[in-house]
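1. 3D model of this:
(chains A, B, C and D)
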Protein chains: 4
Amino acid sequence: DRPLALIAGPCQMESRDHALEVADALAAIAGAADMPLIFKTSFDKANRTSLSGARGVGMAAALPVLAEIRETLGCAVLTDVHEAGQCAAVAEAVDVLQIPAFLCRQTDLLVAAARTGAVVNVKKGQFLAPWDMVNVVAKLDQSGDGKVLVTERGASFGYNTLVTDMRGLPLMARQTGCPVVFDATHSVQQPGGQGGASGGQREFAPVLARAAVAVGVAAVFIETHPDPDRAPSDGPAMIALRDMPAVLEVLGALDRVAKANPVCL
Amino acid sequence: DRPLALIAGPCQMESRDHALEVADALAAIAGAADMPLIFKTSFDKANRTSLSGARGVGMAAALPVLAEIRETLGCAVLTDVHEAGQCAAVAEAVDVLQIPAFLCRQTDLLVAAARTGAVVNVKKGQFLAPWDMVNVVAKLDQSGDGKVLVTERGASFGYNTLVTDMRGLPLMARQTGCPVVFDATHSVQQPGGQGGASGGQREFAPVLARAAVAVGVAAVFIETHPDPDRAPSDGPAMIALRDMPAVLEVLGALDRVAKANPVCL
Amino acid sequence: DRPLALIAGPCQMESRDHALEVADALAAIAGAADMPLIFKTSFDKANRTSLSGARGVGMAAALPVLAEIRETLGCAVLTDVHEAGQCAAVAEAVDVLQIPAFLCRQTDLLVAAARTGAVVNVKKGQFLAPWDMVNVVAKLDQSGDGKVLVTERGASFGYNTLVTDMRGLPLMARQTGCPVVFDATHSVQQPGGQGGASGGQREFAPVLARAAVAVGVAAVFIETHPDPDRAPSDGPAMIALRDMPAVLEVLGALDRVAKANPVCL
Amino acid sequence: DRPLALIAGPCQMESRDHALEVADALAAIAGAADMPLIFKTSFDKANRTSLSGARGVGMAAALPVLAEIRETLGCAVLTDVHEAGQCAAVAEAVDVLQIPAFLCRQTDLLVAAARTGAVVNVKKGQFLAPWDMVNVVAKLDQSGDGKVLVTERGASFGYNTLVTDMRGLPLMARQTGCPVVFDATHSVQQPGGQGGASGGQREFAPVLARAAVAVGVAAVFIETHPDPDRAPSDGPAMIALRDMPAVLEVLGALDRVAKANPVCL
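-> Below you'll find the model as predicted:
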């Protein structure tokens, strides 16, 4: 199996300069870790906890910046879509269309994303079992011929808490036949945990990432920021950019053990 | 407090004749039970488990029928919306716009629904705590001046199962200040429980409805069908139309006890 | 079906005087509500969160007091047992032996309790499904010829929280054939929720009791105390004795509706 | 940090010959993997799902065999205790007394175990949060001066299912100060999942063990048997003895990465 890929970037695009700065830094960090980079950032946070939460620069401003990053850095670029009507335009600028977890059962969005021919990364809803993703992937497969990725990002566990069931990783791989991504950032989110905003347990993102990589995944998804405590969204769950090299070094070492000894269910 | 209202109808609109037949029958049944009726049916099931699941007659065909039912029966009419662009047109034909549970954090949809001035019934996501609804209602309140209803429909409990936390009913009432609806049908859904479709435990819908009404709610939401086992969606969770009078009789008696002795938190 | 019975008393026996005072008051309150009383108190809290938590007066001191209450008030008396060796002696003094939830799978304790011939009330573990109680009841049935009661007291729901699945009440009744008790006090416990002690949500005990009674149960279990905030254990979950009459009045009215309209699964 | 230790053996002692055979084989396997072995087997399965489940050879028969294994193989030996009265005698024959998960809050048992001076391995109840173990360990620390181990074996997740929250491993290590063990066998149990017996997902035991070892633990606990499908208890969750070498090889490689890069919370 191929070595671990890294999907990383700031939760939302704050400006062209900010995005380019983080992308540049990540390209160097991923290169040093020998991991292919897929740069991720969102143009719209469409489901913030409250109206006053910053939503991002918007699609019109973001797409040219994403295209520029793809071209100048030579890395793949990923962003998420929220309505069927956005898919075609976004697919012009990026390599991977991402379906948010809350929307993973919205048929029209899945069909529109698949029809673009882009790679589609669909996040497993917090309300779904690993085996339920077979139905989600079937909607995509029947609507396009692009590649599909499935992402684990935690399951509801009581109130305001998520838990990651590591059994789900090889189980989804076997049942869907798709590469599996582990989203370490949103798996440590505490939804609604700060009243008007979601909390997070940044210190556990590398912990869960270790576990997932040791089980065996195609990629890890880690949101990162030069100054997470000042980030406009998901700051409590994001890792500081300067901590990424050390995190990736351990993940790379674990990945080499895991890929040499794949789990066979 | 006012007596229990009934939100009821078939899961999806199958045809004009079918909708009128069920609405007629429900108007008589609700009248006999002395409960105000809000007729509910969906024009589009936008998040079916699989692509091959029937989605309904569509918005263009359904809106005139909903308007006709409202006019001829004199009852209020409710249907759900899935994208922001649908809200204005739907609000012309119905009294209550319903926000599906998976979409209860999609800001644009909430804002567009609130701006119509119609009543908005927002379902609590399976991934939210009762107190998280304060943030959802705030988005609606800040965007319109219509009335808001909040609906309990179960919380994720392990895989393929929901559980209803009855504490959430008075807690949401107090914290949001909105009338609370209990959706007995979807609370007994078994998401993904039949592989390519959701299962349900029809026999427990009246059980949970009893519990919720005894605690004290403004309305119960019960999907019903002349022949649930042949319904195109949610059949395993729907109650047969012929069983509704007996169910409502018990709920009415419990409601009288509850309304005479309201829970004060 | 017979009218609702009341299992009530202080969490632990604090002294002979205290027990007699509460039992006297409860006999009057239950009589006024037309409910048979089963007086409950514990001689040993064997699983306190910390070593420094008060455990009670002990078996030797408590049994004569329990026998005295049974004789002078003419009500049934219930207490819990923790090791097999306690069962025979306790059964001399009380009518009902109660098996704590954590111990509901300990075979020797179940067998010893059943062999006494006393009624056994077994609480469903926080880690069990309603249908799992069939196995627990079978152990009792195969070991004695006494009557068995099964008690719902909440299921684990994430961390430090319990949830009550009201579907479990009729389901256990049908599958075990035993009368079902709803324990409103421990269902609102927050295990470990205060660090060194369990928290509780006293205000929700009557809320859940309403729901359970409306569904239909043989008895409610409510711990009560003249001054819950000074009680040595489970104070946050206990109801003040002075609030019991109003709670029972509503429960009685709901019970009459429920018993006239039993749930048939 | 020291390299991974292995706690392993058959779920229950079936006979002297059987125990010696498995212990012999495990000593060779653990030696080849460079892991210290703690041989584990139970003399009494005190909480079987049903009365007809085999409980084991009993304490009197088992203790001499455990002592013999300790002496002849030179490895440490572990077994579980169920009542306070058993602790002193068992501590004569074994190095580690284990407290079963259901009993982890039974004060008398904890105190009696701690007083023996033996190492005590206490399993986290399926109904506890990782931070709740601080209280459990405090009971042990205040009652003895022996070493304490804490074991993760899954948390209740809906009905008949457990989930392992990998965040709990470093969290328990930091909060209790004790070495943390991961029990891969019981974490994949499906309690009550076969009606009259618990099910298991043997194929996921090595998957979860990988994850836990990559996060960093002091020991893994794996039940194993020459012929799991014919084992009298927990067969569906046990690994075949012949599969152990391959499992340990991967775990050893992951452990070396983890111990070189410890998680610091």
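
2. quick one: terminal-to-terminal distance for stretch A:146-163?
-> 30 Å (Cα to Cα, to the nearest Å).

3. and that stretch, what's buried?
-> Using 16 or more other Cβ atoms under 10 Å in any protein chain shown as the test for burial, stretch A:146-163 gives A:146, A:148-163. Quick note: C-beta positions are derived from backbone N, CA and C, even for glycine.

4. I'd like the average pLDDT over that stretch.
-> Rounded to a whole number, the mean pLDDT of stretch A:146-163 is 96.

5. please report phi then psi for the closest residue to A:Ala173 other than its chain neighbours.
-> Among residues not flanking A:Ala173 along the chain, A:Val180 sits closest, at 4.8 Å (Cβ to Cβ, 6 or more residues apart in numbering or on different chains). Main-chain torsions, A:Val180, degrees, to the nearest 10: phi -110, psi 130.

6. what's the helix or strand for the spatially closest residue to A:Gly85 that is not a sequence neighbour?
-> Excluding its sequence neighbours, the residue lying closest to A:Gly85 (Cβ to Cβ, 6+ apart) is A:Ala112, at 7.5 Å. Per DSSP states H and E, A:Ala112 falls inside helix A:107-115.

7. ok, and which of the buried residues of stretch A:146-163 reach chain C?
-> Among these, the residues within reach of chain C (Cβ under 8 Å from any Cβ of the partner chain) are A:Phe157, A:Gly158, A:Tyr159, A:Thr161, A:Val163.

8. which one of the residues in the stretch 51-200 of chain A is closest to chain C?
-> With Cβ to the nearest Cβ as the measure, A:Gly158 is the residue of the stretch 51-200 of chain A nearest to chain C, at 1.4 Å.

9. that residue: what's its closest spatial neighbour, skipping adjacent residues?
-> Excluding its sequence neighbours, the residue lying closest to A:Gly158 (Cβ to Cβ, 6+ apart) is C:Gly158, at 1.4 Å.

10. which residues in the stretch 51-200 of chain A form helices?
-> Using DSSP state H, counting those that start in this stretch, the helices found in the stretch 51-200 of chain A span residues A:59-73, A:87-93, A:107-115, A:133-141, A:168-176.

11. residues of the last one that come out buried?
-> Neighbour-count burial for helix A:168-176, counted by 16+ other Cβ under 10 Å, picks out A:Gly168, A:Leu169, A:Pro170, A:Leu171, A:Met172, A:Ala173, A:Gln175, A:Thr176.

12. contact residues of the stretch 101-250 of chain A facing chain C?
-> Within the stretch 101-250 of chain A, the positions near chain C by Cβ under 8 Å from any Cβ are A:Phe157, A:Gly158, A:Tyr159, A:Thr161, A:Val163.

13. my read: the second one touches C:Ala155, true?
-> Going back to what we said before, that points to A:Gly158. No. Counting by Cβ atoms under 8 Å, A:Gly158 stays clear of C:Ala155, with 10.8 Å between them.

14. most centrally placed residue in chain A?
-> In chain A, the C-alpha nearest the mean C-alpha coordinate belongs to A:Phe221, at 4.6 Å (Cα atoms, centre = their mean).

15. these two touch, right, that one and A:Leu149?
-> No. A:Phe221 lies out of contact with A:Leu149 (Cβ under 8 Å); the separation is 9.7 Å.

16. what is in contact with those two at once?
-> Residues touching both A:Phe221 and A:Leu149 (Cβ atoms under 8 Å, 6 or more residues apart in numbering or on different chains): A:Val181.

17. ranking helices and strands of chain A by mean pLDDT, which lands last?
-> Scoring the helices and strands of chain A by mean pLDDT, DSSP states H and E places strand A:199-200 at the bottom, with a mean of 83.

18. in its sheet, what does it sit against?
-> In the sheet, strand A:199-200 lines up against strand A:189-190 (antiparallel) (DSSP bridges).

19. run the chain-centre distance for the strand it pairs with.
-> Computed by Cα atoms, centre = their mean, to the nearest Å, the chain-centroid distance of strand A:189-190 equals 15 Å.

20. next: stretch A:34-49.
-> Computed by Cα atoms, centre = their mean, the chain-centroid distance of stretch A:34-49 equals 6 Å.

21. and that stretch, anywhere near chain B?
-> Yes. Using Cβ under 8 Å from any Cβ, stretch A:34-49 reaches chain B at A:Ala46, A:Asn47, A:Arg48, A:Thr49.

22. so which of those residues comes closest to chain C?
-> A:Thr49 (19.1 Å).

23. B:Asn135 is in contact with the closest one, correct?
-> Yes. Using Cβ under 8 Å, A:Thr49 makes contact with B:Asn135 at a distance of 5.0 Å.

24. ok, the two, which is more surrounded?
-> Comparing A:Thr49 with B:Asn135 by other Cβ atoms under 10 Å in any protein chain shown, the one with more neighbours is A:Thr49, at 24 against 21.
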